[in-house]
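In: The following block contains a protein sequence and its predicted model.
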Amino acid sequence: KRPGVEIKNARRPVISRRVGRIFLILEKTHTPAIGFGYFCRLSLNDTVTLTMKLIFVPLLLVMLCVSALAAKNPAAEEVALTKMRPQLTNNIARSLRYWPVNGDFVITNGAEFFNRPLYCANSGFRVDGGDKPEFSLYVPGRGGNLRPGIKTSAGIKWLNDADQIVTHYRAGSLIYEIHDALLGDGELDLTVLPLNEPKGLIARAEVRDVNSPVQLIFAFGGANGMRGNRAGDIGCESEPVSEFFQLRPEECRGDTFSVATNVFVLRGNRATIAGIFPDDVKLQLADATKWNTPAKLFSGEKSKFQFPVMAGQCELPLNAPVYFSLQQISSRGNADNISAADLSKPYFAAEKYREEIADRVTVKTPDAFINAAVPALNIAANAVWDSRQKVFMHGAVAWRIPLLGWRGLYAGDALGWHNRTADGGA
């Protein structure tokens, strides 16, 4: 009988006693089952677990037989080991997609959405970007999708559909080099960083070597607070995250917007998000059912939409960066009392913070993969620290809960955050 456990029927079934004796004999003869035997003999007293023991005991006996045969016949063990297939360059089923380039992980024309989280302020708030330049806020719960694009005299297009997208993950930020027929021989560079206070994202866009005017377009909406089964973790939802976080028109139902010059505020089911753009931006409500066709979304239709999103467009001056930001604000905040001052200051502050974390531990090795992986690990280690609860969480996306005995706790020692370990650890 285990301490603190009341067993109504103290008499063990005959089969329990017999199986217990078998494992007692195995223990006394020092077989490889000693640990399993001790465990099973102790817990067989509890008739509640009898069904589980009837399942596991035969399995353990089979394991013992295999172990004994292998010990008597080393040749058989050697044959079994030769059937193992290490992952080598000639037998990997899929090609390596991300390559290290000057400390970044880089991919050209990657197909994934929302597979690269940018973490905000040691909290559950994050910005999910990916190979494609579209961004989903998670507050926790869905806080809206931001989809950028371009417009020129030759047409209009979402950046997701550009002819060539070179995506850099630079430990804690996403950088996109965009080439498209609408830009001629020019290039659009887009950098996205997470904000800590207030939580959100800040972005910088700049065009180079273009011969005709270019406008930045964008649409934002869908803050319905949906959390998913595992907070949108890769491989853990009912569909891939590339589909799970795609905006669907019905997710915009009930969202309301207010506008003041170059600032808008979205009030959704779980979050209130402010969008801050350059002074010359033109903002308008649009129909989320036209989300995938920018020409129709920006048609200028004025109506009370059942599924509203905010759409906007502004000039992209040649060789002059433009900044814009999405920020979580108080539910009582409104567009009139949000400053649209120089956004370059919070952008460079966010970049400085990113660099400090990414460079917390640095290495210089002959292996470019290791050199790029270490700063990414620094960012992830910082993300599992929860500043409000003063604890290292089990994970930064899914399993973002405090659990004892897991490896995230080591980050406090490895990265010199001894004050965090002293404050609570795990």
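Out: Cool, the structure landed.
In: now the helices: where do they sit in the chain?
Out: Applying DSSP state H to the chain gives helices spanning 14-28, 34-43, 50-72, 74-82, 241-244, 294-297, 344-358, 368-383, 411-414, 418-423.
In: between those helices, which gets the lowest average pLDDT?
Out: Ranked by mean pLDDT, the helices of the chain bottom out at helix 34-43, which scores a mean of 38.
In: Verify the contact between Asp279 and Thr261 for me.
Out: Yes - with contacts counted by C-beta atoms under 8 Å, Asp279 reaches Thr261, the gap being 7.4 Å. C-beta coordinates here come from the backbone N, C-alpha and C atoms, glycine included.
In: Out of the two, name the residue with the larger neighbour count.
Out: Between Asp279 and Thr261, Thr261 has the larger neighbour count (other C-beta atoms under 10 Å), namely 13 against 8.
In: OK, contacts around Thr365?
Out: Asn371 (C-beta atoms under 8 Å, 6 or more residues apart in numbering).
In: Give me the distance between the two termini of stretch 149-164.
Out: 13 Å (C-alpha to C-alpha, to the nearest Å).
In: Tell me the buried residues in it?
Out: Gly149, Ile150, Lys151, Thr152, Ile156, Lys157, Trp158, Leu159, Asn160, Ala162 (16 or more other C-beta atoms under 10 Å).
In: what residue ranges in the protein are flagged as low confidence?
Out: 1-84, 231-232, 333-341, 424-426 (pLDDT under 70).
In: Neighbours of Arg97, how many?
Out: Neighbours of Arg97 using other C-beta under 10 Å come to 13.
In: In this model Ile107 seems to touch it, though I could be wrong.
Out: Yes - judged on C-beta under 8 Å, Arg97 makes contact with Ile107 at a distance of 5.5 Å.
In: Would you state the strands of the stretch 101-250 of the chain in chain order?
Out: 104-108, 116-119, 126-129, 135-138, 142-152, 155-158, 164-170, 173-179, 187-195, 200-208, 215-221 (DSSP state E, counting those that start in this stretch).
In: chain center to the second one, what's the gap?
Out: So the one you mean is strand 116-119. Between the centre of strand 116-119 and the centre of its host chain there is 5 Å, according to C-alpha atoms, centre = their mean, to the nearest Å.
In: How about the longest one?
Out: If you compare the mean C-alpha spot of strand 142-152 with that of the full chain, they lie 19 Å apart, counting by C-alpha atoms, centre = their mean.
In: what angle sits between it and strand 200-208?
Out: Put simply, strand 142-152 runs at 10 degrees to strand 200-208, going by axes from the mean of the first three to the mean of the last three C-alpha atoms, to 10 degrees.
In: Which elements pack onto strand 142-152?
Out: Judged by 3 or more C-beta pairs under 8 Å, 6 or more residues apart in numbering; DSSP states H and E, strand 142-152 is in contact with strand 135-138, strand 155-158, strand 200-208, strand 215-221, strand 322-328.
In: With the first one instead?
Out: Under the contact criterion of 3+ C-beta pairs under 8 Å, 6+ apart, the helices and strands touching strand 104-108 comprise strand 99-101, strand 164-170, helix 368-383.
In: Repeat that for the last one.
Out: Where contact means 3+ C-beta pairs under 8 Å, 6+ apart, strand 215-221 is packed against strand 142-152, helix 294-297, strand 308-315, strand 322-328.
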